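Q: Next come a sequence and a model predicted from it.
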Amino acid sequence: MLIIQFVLCIFSADADHLFEQGVIQHFNYVSNPNLILHFSSAKFRQEEVFIPFSKQFSQAPDVYLNVKQIDLAYTFPQGYTLDITSISTLGFKVKMVCESPELFFGVIFNWFAFNDDSVQVISNLNITYPNSQYTHSYMKNCKIDVALSNLVSFYAEGPQFNNVTVYNQIIQGLSLTTDTVTISFYTYNVKQIGYQILLTSSDLFLIGPTITNISPYGSSQIVNFPQGWETQNCFSNLLGFKHDGTDHNIRLDQRILYSPNIIVGFYPWHETIIQSIQHNYFCINDAYFDLAIFDGLMQTQFFDKTNQIETHIEILEINYNQNQNVGEEITIPQCIQSLKIIYYWKCIGYEQLKLQLFCTEVWCSSSKVQCNVDKTNIVRLSASFLFITASEQYIQITKSSASLTATQIIKQQNPFQKVLFKVEMVT
């Protein structure tokens, strides 16, 4: 027999800051009319900028960059080096250096900051005469199951052409294990290169396939969302390109279309001709950061001679012998920041229950509870969750005679849902 009770608790706490994104336009001469990198021809000229966060993080986050636009002269040597010199809870500093005296117009980046255990960023910037392969270790986390690499910077010696190709991390060039990730790439006439690798969960990031396009007029992809994904926060991810140094500047621009489908890609503009472009895309499920945080589980098994559930608790009971399926959505007001689900199971024999809980770090190891009607005829499970946002919350409860599932529903611009608590009879 399945019996449940919900207890809503109120507590005072500030929601943790988990995610933020923005754009760095400082290194572009249109946005920054005093850009030294553009107006000076001195070798190794440099600029540094501090990017503040809109809200302070509780700890220094991981920062990931994404090329939004490149505008460089066609003459070689050409390119730039970039370094993230510091990251704090308030913001981060980025320094760009131009070794070549050739004309530099600008580079624009999207940036993303994550304060979440399920996101780790590895930065390998300013590599001189890079090898074809690098292996990095990372902090083991069972939620990490996908990886994404990028092209942050390059410095090409020329004069023939620049071919920077960072192969797709899933299909071709990035090998992910439980504690290491290996990236492979091919370069030609490139003196320096910089890249990052983002390791995360497929619940949070959708990563598209890598394509290499030889059309001189650009390349794009339609975003294919799996079931349950609805988001507008998608970006094209530059992995490499080829340019032969003819009399057209290196100009690439990231473009995103939203109707009728989300289409992402890179396109040259003006008279630029790019011999090939290699890219993929990624989408961030913002609602993931609004998921409730698991706050503990209490499990009690006891024998009641009267075979009765505590009479002072108001409960909803479903008879085990009846094939009932009940679903309801519970609205939790904004003032509620803690949820406790108290679950009772009245044993009728020697059935076994399987319990699963969603934790921010990992799916808690599923545990099993064994009924023994002669020794244990009542099982009580009490699971607590904290809401990290002050918005109105929704919990979908699906009940049957042999199971219960509690799912958090995020009703924002990007709808999302995730199972928090699940119990089912397995034998």
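A: Thanks, I have it. No experiment lies behind these values; they were computed from the predicted model shown.
Q: Pass me the low-pLDDT residue ranges in the protein, would you?
A: Within the chain, the segments meeting pLDDT under 70 span 1-16, 158-173, 228, 230, 244-247, 271-273, 302-325, 359-366, 390, 412-415.
Q: For L35, which non-adjacent residue is spatially closest?
A: Y29 (4.6 Å; C-beta to C-beta, 6 or more residues apart in numbering). No exception for glycine: its C-beta is placed from N, CA and C like everyone else's.
Q: nope, L381 is what I was after
A: Leaving aside its chain neighbours, L381 sits nearest to Y343 (4.4 Å; criterion: C-beta to C-beta, 6+ apart).
Q: The one you found - how many residues pack around it?
A: Other residues near Y343 number 21, with proximity taken as other C-beta atoms under 10 Å.
Q: Name the SS class of it, please.
A: Look at Y343: counting by DSSP: H, G, I helix; E, B strand; the rest coil, its state is strand.
Q: Roughly how far does it sit from I336?
A: For Y343, the distance to I336 under the criterion C-beta to C-beta, to the nearest Å works out to 19 Å.
Q: ditto for E48
A: Taken as C-beta to C-beta, the span from E48 to I336 is 45 Å.
Q: next helix or strand past whatever helix or strand L355 lives in?
A: L355 belongs to strand 352-357 when elements are defined using DSSP states H and E. Taking DSSP H and E as the definition, the helix or strand that follows strand 352-357 towards the C-terminus is strand 367-370.
Q: following that next one, which helix or strand shows up next?
A: Once the chain leaves strand 367-370, the next helix or strand it forms, by DSSP H and E, is strand 378-386.
Q: just checking, what packs against that following strand?
A: Using 3 or more C-beta pairs under 8 Å, 6 or more residues apart in numbering; DSSP states H and E as the contact criterion, the neighbours of strand 378-386 among helices and strands are strand 293-302, strand 338-346, strand 352-357, strand 416-425.
Q: Could you identify which of the ones you listed is most buried?
A: Each of the helices and strands packed on strand 378-386 was scored by mean neighbour count; the highest is strand 338-346, a mean of 20, by mean count of other C-beta atoms under 10 Å.
Q: Which strands border that strand, and is each parallel or antiparallel?
A: Strand 338-346 has the following strand partners under DSSP bridges: strand 2-9 (antiparallel), strand 378-386 (antiparallel).
Q: Keeping just the C-alphas, turn it into PDB.
A: Output of strand 338-346 as PDB, limited to C-alpha atoms (Å, rounded to 0.1, in the frame of the first residue of the first chain):
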ATOM      1  CA  SER A 338      12.000  23.900   1.300                       C
ATOM      2  CA  LEU A 339      10.100  20.800   0.400                       C
ATOM      3  CA  LYS A 340       9.800  17.600   2.400                       C
ATOM      4  CA  ILE A 341       8.200  14.500   0.900                       C
ATOM      5  CA  ILE A 342       7.200  11.900   3.500                       C
ATOM      6  CA  TYR A 343       6.400   8.500   2.000                       C
ATOM      7  CA  TYR A 344       4.800   5.500   3.700                       C
ATOM      8  CA  TRP A 345       4.700   2.000   2.400                       C
ATOM      9  CA  LYS A 346       2.600  -0.600   4.200                       C
END
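Q: what distance separates that strand from the middle of the whole chain?
A: If you compare the mean C-alpha spot of strand 338-346 with that of the full chain, they lie 31 Å apart, counting by C-alpha atoms, centre = their mean, to the nearest Å.
Q: angle of it against strand 416-425?
A: Regarding strand 338-346 and strand 416-425, their directions subtend 20 degrees when assessed with axes from the mean of the first three to the mean of the last three C-alpha atoms, to 10 degrees.
Q: right, and I70 touches R251 too?
A: Yes: under the contact definition of C-beta atoms under 8 Å, I70 touches R251, with a separation of 6.8 Å.
Q: and the gap between I341 and Q408?
A: As for I341, its distance to Q408 is 11 Å (criterion: C-beta to C-beta).
Q: And for Y344?
A: For Y344, the distance to Q408 equals 22 Å [C-beta to C-beta].
Q: so I122 bridges to which residues?
A: With DSSP bridges as the criterion, I122 is bridged to I197.
Q: Good, we can wrap up now.
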